[in-house]
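**Student:** what's the 3D shape of this:
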Amino acid sequence: MKIVKVGIIGYGYWGPNLTRNFYELSSAELVAVADLNTDRLKQALSRYPHVTVKSDYHELFELGLDAVVVATPPATHFRIAKECLEHDLHVLVEKPITLNSEDAAKLVDLADAKGLTLMVGHTFEYNSAVHALKNYIDSGELGEIYYLDAARLNLGLFQRDSNVLWDLAPHDISILLYLLGKKPISVSAQGTPCVFSGIYDVAYLNMIFPGNIPAYVHVSWLDPCKVRRITVVGSKKMAVYNDIESEQKIKIYDKGVDAPPPYTNGGFGEFQCNYHSGDITIPNIRFVEPLRQECQHFLECILENKKPISSGQDGLEVVKILETAQRSMTNGQTQEVLTW
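**Tutor:** Below you'll find the predicted structure:
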C-alpha cells in the first residue's frame, strides 16, 4: 500500500487534532511539524518523538513530502498554500481557504494546472449526522423545503484580525451548500460590533437559494449558551440537527401545517389551517469522528486521484458568499445578487 508522507504547518488551536489523525491513519506517514512557536514544537516532539520539527515551514520542502496540511491563521493561508502547491505538494488547508475570492481562485487554478489535490477543511461535510440530514432532504421525506435556519453561538473566542462572520459562518455556509446541492442566488447580512469597535461579534446572514428557498445563519461570539443547531422545515416534516447532543444529534418531527383551500367570501371560518403533530423520530447514526473522515478522504483523493468533497472550488464558493455578506453588512445594503 502506498503511503502519503505528510507535513503539518501550524500546531496551534486545530493543528494538534490534525496531527493526531494523520499520525494514526495507516495510509499516512507523519514526517514533520512546523510552527513559529518553539513551545508548541516541544509539545509536538514530546507526543511524536520521531517527527522532524521546524520553525520555518520552508524547510519542509526539503523533506520529500507528498502533502501538507495548513492550519495557520487565515490571513496566511493563501501565501503558504500557494508556495506548497508550487513545490508540487497536495494541500489540505483549514477554513476559510483564503480571505478573498481572487486568491482562492488562484489556488484552485494552480492546483488544477499541476494536477494536485487542493482540499478545504470544511469538517462538517464529513459529519455522519449531516449526511443523514441530507438524505432526509434528498429523499423527499421532509416534503418541499420551506426554509433552513442555522445558529452557531458561544461566548468567545474574540480575534483581533477577524470577525464572527469569517470565523464561524464558513461552517454553516458549507453545510447549507452541501445539504441543498445548490449555490445561493442572493445574500444579505447585518452585524453588530458590541465589544470592540469595528469587529463584528454578532451577525445575521440571509441567503436565497434557487426555488426561492431561504436560509438564515446566526453567528455570535457573544452569547451565554453554546448553540450548534440547524433546522430544516419542510411541507411534510421538520428536522433538527443539534451538534451539541452527544447521541441524539438528529430529530425528525412529524409536524406541519396544511393551508386551507382558497376562500371566496373572506370569512374567517374558511381560513382555518390544518395542523398535524405526530411522532418524533430519532435515527440511529453510526458516528465517526468527522475530522478522521476528512483526513482519510484527503489521503484517498491523493492516492486515487479523486476530487475532494470539500474541494478548493467548494472553498472558493464559500469565500464568495462571505465576501458578499461582508459588503452587505458594512455598506448597509439589503441584498446582493451573486454571479457565479
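
**Student:** Please make it C-alpha for all contacts and neighbour counts, starting now.
**Tutor:** Will do.

**Student:** just for the protein, where's the confidence low?
**Tutor:** 260-271, 334-335 (pLDDT under 70).

**Student:** Residue ranges of each domain in it, please.
**Tutor:** 4-121+290-309, 125-288+321-337 (automatic domain parsing).

**Student:** Check the offset of stretch 136-144 from the chain's centre.
**Tutor:** Stretch 136-144 has its C-alpha centroid displaced from the chain centroid by 22 Å (Cα atoms, centre = their mean, to the nearest Å).

**Student:** which other residues reach that stretch?
**Tutor:** The contact list for stretch 136-144, computed with Cα atoms under 8 Å, 6 or more residues apart in numbering, reads Ile145, Leu179, Leu180, Val233, Gly234, Ser235, Lys236, Lys237, Met238, Ala239.

**Student:** how close does Ile282 get to Ala132?
**Tutor:** Per Cα to Cα, to the nearest Å, Ile282 is found 11 Å from Ala132.

**Student:** So which of the contacts of stretch 136-144 belong to strands?
**Tutor:** Ile145, Val233, Gly234, Met238, Ala239 (DSSP state E).

**Student:** Run a quick check on Ile175 versus Thr123, I expect a contact.
**Tutor:** No - counting by Cα atoms under 8 Å, Ile175 stays clear of Thr123, with 9.3 Å between them.

**Student:** With neighbour numbers in mind, choose between the two.
**Tutor:** Taking other Cα atoms under 10 Å, Ile175 and Thr123 do not tie; Ile175 has more neighbours (23 against 20).

**Student:** Roughly how far does that one sit from Leu291?
**Tutor:** On the measure of Cα to Cα, Ile175 and Leu291 end up 15 Å apart.

**Student:** For burial, what's the neighbour tally of Phe196?
**Tutor:** 11.

**Student:** Helix or strand for it, just tell me which one.
**Tutor:** Counting by DSSP states H and E, no helix or strand carries Phe196.

**Student:** Bridged to Asn242, which residues?
**Tutor:** When assigned by DSSP bridges, Asn242 has beta-bridge partners Arg229.

**Student:** thought it was touching Val232?
**Tutor:** No - the pair Asn242 / Val232 is not scored as a contact, 11.5 Å apart, by Cα under 8 Å.

**Student:** In the stretch 151-300 of the chain, what residue spans correspond to helices?
**Tutor:** 164-180, 290-304 (DSSP state H, counting those that start in this stretch).

**Student:** So which of the ones you listed is nearest Gly10?
**Tutor:** With respect to Gly10, and counting by Cα to Cα, the nearest of those is helix 290-304 at 15.8 Å.

**Student:** tell me which residues in stretch 149-166 are buried?
**Tutor:** Going by neighbour count (16 or more other Cα atoms under 10 Å), the buried part of stretch 149-166 is Asp149, Ala150, Ala151, Arg152, Leu153, Asn154, Phe158, Ser162, Asn163, Val164, Leu165, Trp166.

**Student:** And those residues, which is closest to Asn212?
**Tutor:** Asn212 has its nearest neighbour among those in Asp149, at 14.5 Å by Cα to Cα.

**Student:** helix, strand or coil for that closest one?
**Tutor:** The three-state label for Asp149, taken from DSSP: H, G, I helix; E, B strand; the rest coil, comes out as strand.

**Student:** residues contacting it?
**Tutor:** Ala215, Tyr216, Val217, Ile230, Thr231, Val232.

**Student:** Just the buried ones from the residues you listed?
**Tutor:** Among these, those classed as buried by 16+ other Cα under 10 Å are Ala215, Tyr216, Val217, Ile230, Thr231, Val232.

**Student:** how close does the closest residue to Arg327 other than its chain neighbours get to Leu99?
**Tutor:** Excluding the flanking residues, the one nearest Arg327 by Cα to Cα, 6 or more residues apart in numbering is Gln333, at 7.6 Å. As for Gln333, its distance to Leu99 is 21 Å (criterion: Cα to Cα).
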